[in-house]
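Asker: For reference, the sequence and a predicted model appear below.
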Amino acid sequence: MSATARKTAPNAQDIRAQKGGVPLVSLTAYTTPMARLMDGHCDFVLVGDSVGMVLHGLSSTLGVTMEMMILHGQAVARGLERSMLVIDMPFGSYEEGPAQAFRNAARLMAETGAGAVKLEGGVEMAETIRFLVKRGIPVMAHIGLTPQSINTLGGYKVQGRDDQAQAVLADAHAVADAGAFSVVLEKVPATLADRITDEVAIPTIGIGASVGCDGQILVVDDMLGFFTAFKPKFVKRYADLGPLAEAAIAEYAAEVRARSFPAAEHVFGDQAPVKGPKA
Ligand code: KIV
């Protein structure tokens, strides 16, 4: 079913069932007003740990905490009725092992109402994904470029080119076999993304991957032109709202300094003239 025709939010099984069907639509969100704007247009909305870079000015996602994810997850949940909420597990909240991952995933879901968690990693995370899924936690996997590992990957480079392709393919099979209901493919060559999409039974969600993926995701502030620190090649700016917002702020500043704001229509009159002696 298309997201706009829905009356209620899909769940992980609904998302999984869309494999090979109408492409899944997804964006990130971090606040209630933005979630309201995308509700019903997106099949699922991701509270990404990109929140650290996009809203908090961090230089990577590594400083994002459970508390930040929960606060933004709760805000986004208030804005959604017809799109599923998926929440990222932040760096350091799941890598120690399945028990740590379960404790933190359960907390994220209980405190935000998210229907699933997303975590980064392939073969090395398969055991954890299996553990979570068997205990009632739907998991979206994230392979290819995994930004929480930039220090070992050596930067935000394309993953899976040439002789690296087999490793990314093995990651895709490992997370699908472990029970993930979908997998994000970030910054992998299109031919590899297409091969993974053909070979695995779960939907692939591309970001810098291929139009042939089962769905696409973008960071909302990137596609609206609010995040201007840098623009990855895979981002299409559907609007350029950053400069528009700055122009509006500059106009407001000029009007306040010129005493032309507030104007008569923005201020309140008395019901009756003020009587009595001047103080
Ligand atoms: O944190 C995030 O926004 C993400 C998406 C880019 C997939 O993981």
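Answerer: Received the coordinates, thanks.
Asker: Can you list the low-confidence ranges for the stretch 1-150 of the chain?
Answerer: 1-5 (pLDDT under 70).
Asker: where do the helices sit along it?
Answerer: Along the stretch 1-150 of the chain, counting by DSSP state H, counting those that start in this stretch, helices occupy 12-17, 32-38, 51-54, 66-77, 98-112, 126-134, 150-153.
Asker: And the longest one, how far out from the chain middle?
Answerer: Here the centre of mass of C-alpha atoms in helix 98-112, compared against the chain's by CA atoms, centre = their mean, to the nearest Å, lies 18 Å away.
Asker: now the third one
Answerer: Between the centre of helix 51-54 and the centre of its chain there are 10 Å (CA atoms, centre = their mean).
Asker: Identify whichever of the helices of the stretch 1-150 of the chain lies nearest to the ligand.
Answerer: helix 51-54 (7.3 Å; CB to the nearest ligand atom). C-beta coordinates here come from the backbone N, C-alpha and C atoms, glycine included.
Asker: Give me the helices and strands touching the closest one, please.
Answerer: Using 3 or more CB pairs under 8 Å, 6 or more residues apart in numbering; DSSP states H and E as the contact criterion, the elements in contact with helix 51-54 are helix 66-77.
Asker: Can you point out the buried residues in the helix it packs on?
Answerer: For helix 66-77, burial by neighbour count (16 or more other CB atoms under 10 Å) applies to 66, 68-73, 75-77.
Asker: just stretch 193-209 next, same as before
Answerer: Of the residues in stretch 193-209, 193-197, 200, 202-209 count as buried by neighbour count, 16+ other CB under 10 Å.
Asker: Report the separation between residue 164 and residue 188.
Answerer: The spacing between residue 164 and residue 188, counted by CB to CB, to the nearest Å, is 9 Å.
Asker: more neighbours, those two?
Answerer: residue 188 (31 against 16; other CB atoms under 10 Å).
Asker: wait, that one sits on residue 158?
Answerer: Yes. Shown here, residue 188 and residue 158 form a contact pair, counting by CB atoms under 8 Å, at 6.9 Å.
Asker: which neighbours do the two share?
Answerer: Listed as contacting both residue 188 and residue 158 by CB atoms under 8 Å, 6 or more residues apart in numbering are 145, 208.
Asker: Output the longest helix belonging to the protein.
Answerer: helix 241-257 (DSSP state H).
Asker: close to the ligand, is stretch 206-226?
Answerer: Yes. Under the criterion of CB under 6 Å from any ligand atom, the ligand is reached by stretch 206-226 at 207, 217, 219.
Asker: Dump the residues you listed into TSV; add secondary structure as well.
Answerer: Formatted as TSV, these follow (DSSP: H, G, I helix; E, B strand; the rest coil):
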residue	secondary structure
207	strand
217	strand
219	coil
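Asker: Neighbours of the residue in the chain that the ligand sits nearest to, how many?
Answerer: Per CB to the nearest ligand atom, residue 48 is where the chain lies closest to the ligand, at 2.3 Å. Residues lying near residue 48 (other CB under 10 Å) number 28.
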